[in-house]
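Student: from the sequence below, what's the structure:
(one chain, ligands or ions: 1)
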Amino acid sequence: MNYKEITEKRRAINLFDPDRNVTNELLSEMIDLAARAPSSFNLQPWNLMVLRDTAAKEKLKALAWDQPKVVEAPVTFIVLADMAGGPPHGGKKLAGNVEQRSHGTGSA
Ligand SMILES: Cc1cc2nc3c(=O)[nH]c(=O)nc-3n(C[C@H](O)[C@H](O)[C@H](O)COP(=O)(O)O)c2cc1C
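Tutor: Numbers count the residues shown, from 1 in each chain. So this is what the prediction gives:
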């Protein structure tokens, strides 16, 4: 399937099989792929919580408009933005390195 087909055929999923076995290997693969998403300065300023425990998912459901799928999904992710995940030194040093590299003069 090419990118155009993936984009056209992708859908949000609302119904989940709670008994579906999602192995840790499959989870790792999904997370590895998701972590390829681009981010500013490639800082990847996010943290991930992986919920399998029903009680934990129930707590999240209460905070998510009581949507049943939060608990029905065998695995639920919470993606947390890292608010302290901005560029170091206010971005100046890092931005300088990127600038130098783009001109082929930097060693960073
Ligand atoms: C940031 C974000 C949050 C969303 N939150 C919910 C949600 O809480 N409940 C829900 O049923 N769908 C949620 N959706 C899915 C959207 O409703 C869905 O993407 C939209 O209706 C378009 O449908 P499609 O993704 O199948 O094209 C969310 C989508 C995004 C991007």
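
Student: what residues sit buried inside stretch 55-70?
Tutor: 57, 60, 61, 70 (16 or more other C-beta atoms under 10 Å). C-beta coordinates here come from the backbone N, C-alpha and C atoms, glycine included.

Student: can I assume the first one sits in a strand?
Tutor: The one in question is residue 57. No. Under DSSP: H, G, I helix; E, B strand; the rest coil, residue 57 sits outside any strand and is assigned helix.

Student: for it, give its distance to residue 41.
Tutor: 33 Å (C-beta to C-beta, to the nearest Å).

Student: any stretches of this protein with poor pLDDT?
Tutor: Where the chain drops to pLDDT under 70, the residues are 87-108.

Student: and it, which residues reach the ligand?
Tutor: Contacts of the chain with the ligand, taken as C-beta under 6 Å from any ligand atom, map to 11, 12, 14, 67.

Student: so where does the residue in the chain that the ligand sits nearest to fall, helix or strand?
Tutor: Closest residue of the chain to the ligand, C-beta to the nearest ligand atom: residue 12 (3.4 Å). Per DSSP states H and E, residue 12 falls between elements, in no helix or strand.

Student: residue closest to the middle of the chain?
Tutor: The centre of the chain sits closest to residue 34, judged by C-alpha atoms, centre = their mean, with a distance of 5.3 Å.

Student: what's the closest of the residues of the chain next to the ligand to residue 21?
Tutor: Closest approach to residue 21 among the residues of the chain next to the ligand (C-beta to C-beta): residue 14, at 20.4 Å.

Student: confirm that closest one sits in a strand?
Tutor: No. Counting by three-state DSSP, residue 14 is located in no strand; its state is coil.

Student: count the neighbours of it for me.
Tutor: Using other C-beta atoms under 10 Å, residue 14 has 9 neighbouring residues.

Student: show me the helices in this protein, by range?
Tutor: Assigned by DSSP state H, the chain shows helices spanning 3-9, 24-34, 54-62, 69-72, 92-102.

Student: so which of those has the densest surroundings on average?
Tutor: Most buried of the helices of the chain, by mean neighbour count (mean count of other C-beta atoms under 10 Å): helix 69-72, with a mean of 18.

Student: appreciated, that's everything.
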